[in-house]
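**Q** Next comes the sequence, and after it the predicted model I'd like to discuss.
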Amino acid sequence: MDSIKNRRTIRKYKAQDIPAALLNEMLETAFRAATMGNMQLYSVVVTRDAEMKAKLAPAHFNQPMVTSAPVVLTFCADFNRFSKWCRLRKAEPGYDNLLSFMNAMTDALLVTQNFCTIAEENGLGTCFLGTTIYNPHQIIDILHLPELVVPVATITVGYPDESPAQPDRLPVKGIIHEEVYHDYTPEDIDEIFAYKESLPENRQFVEINHTETLAQIFTDIRYKKADNEAMSDILKKTLKAQKFDK
């Protein structure tokens, strides 16, 4: 519980390798995560080679931790392995569709979170890269992912060389709904986001970016509508190319 409560994103790592035995043990333990129908619809590509990290970096907008971390893990939604098993056992799979991708993606993300918790409990630091689903086509080419395999999460992992402050979180009463979903009034929204908006660093973001509100940092600068639509189009095309198109 302590490691979960105290977790923080680590972007700077010591020049210290992670023993293969430890990494494999942590991954094997992570694979105990819940899974759809006990099918284990995921694969993990382990990247240690500096040249391979350099190839992956542009797909992650050249964030420095991709090349500086001793290990980069790409977690993939994978229906390739299970479908091949089905065909070899005289069963015709029907998993080339959106629902199957969603099931495999859920499996992969459950394993991803499991791994992060286990790694942090072992004194390692991790950083989740949301850029994986921004440029999945590039990662597919670099890692030679076959049809029915799509990268959904990337984790950099290593021994921490920093101890950043924990980021803020919304109050639990703004997230938990008892019995049914209770929609938010304007007053609820004001109360839920009051602390986040009051933080000096967030006030500074608003000032230096010349916006009126913190929300505009997200909508107008960080996660813009045009960018979201363009990357959504890439993701749709990638799912089709990887045969999750039924």
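**A** In hand now; what should we look at?
**Q** Only C-alpha atoms from now on, for both contacts and neighbour counts.
**A** Noted.
**Q** Can you give me the neighbour number for residue 180?
**A** 7 (other Cα atoms under 10 Å).
**Q** For this structure, which segments count as helices?
**A** Counting by DSSP state H, one finds helices in the chain at the ranges 2-5, 20-30, 50-56, 65-68, 80-88, 98-121, 136-143, 186-198, 200-208, 214-216, 225-241.
**Q** between those, which gets nearest to residue 157?
**A** helix 98-121 (8.0 Å; Cα to Cα).
**Q** which strands and helices sit next to the closest one?
**A** If you count contacts as 3 or more Cα pairs under 8 Å, 6 or more residues apart in numbering; DSSP states H and E, helix 98-121 packs onto helix 2-5, helix 20-30, strand 42-47, strand 71-78, strand 125-129, strand 149-158.
**Q** can you give me the angle the fifth one makes with helix 98-121?
**A** If you take axes from the mean of the first three to the mean of the last three Cα atoms, to 10 degrees, strand 125-129 sits at 160 degrees to helix 98-121.
**Q** Tell me the gap between strand 125-129 and the middle of its chain.
**A** Offset of strand 125-129 from its chain centre (Cα atoms, centre = their mean, to the nearest Å): 8 Å.
**Q** Run through the neighbouring helices and strands of that strand.
**A** On a contact count with 3+ Cα pairs under 8 Å, 6+ apart, strand 125-129 meets helix 98-121, strand 149-158.
**Q** one step back: mean pLDDT for the helices and strands packed on helix 98-121: which is lowest?
**A** For the helices and strands packed on helix 98-121, mean pLDDT drops lowest on helix 2-5, to a mean of 86.
**Q** Packing partners of it?
**A** Helix 2-5 makes packing contacts with helix 98-121 when contacts are defined by 3+ Cα pairs under 8 Å, 6+ apart.
**Q** which residues are contacting the helix it packs on?
**A** 3-4, 7, 26-27, 29-36, 40-43, 75-79, 95, 125-126, 152-153, 155, 157, 244-246 (Cα atoms under 8 Å, 6 or more residues apart in numbering).
**Q** In it, which residues are buried?
**A** 100-101, 103-120 (16 or more other Cα atoms under 10 Å).
**Q** Next, the angle strand 149-158 makes with that helix.
**A** Computed by the same axes, to 10 degrees, the angle separating helix 98-121 from strand 149-158 equals 10 degrees.
**Q** Now do helix 98-121, average pLDDT.
**A** For helix 98-121, the mean per-residue pLDDT is 97.
**Q** Based on its surroundings, how many neighbours for residue 38?
**A** Counted with other Cα under 10 Å, residue 38 comes out at 9.
**Q** My error: substitute residue 241 in the last question.
**A** 14.
**Q** residues contacting the residue lying closest to it once chain neighbours are set aside?
**A** Spatial nearest neighbour of residue 241, chain neighbours left out: residue 147 (7.5 Å); criterion: Cα to Cα, 6 or more residues apart in numbering. Listed by Cα under 8 Å, 6+ apart, the contact set of residue 147 reads 80, 241, 242, 243.
**Q** so which two of those residues are the farthest from each other?
**A** 80 and 241 (13.6 Å).
**Q** Great, nothing more from me.
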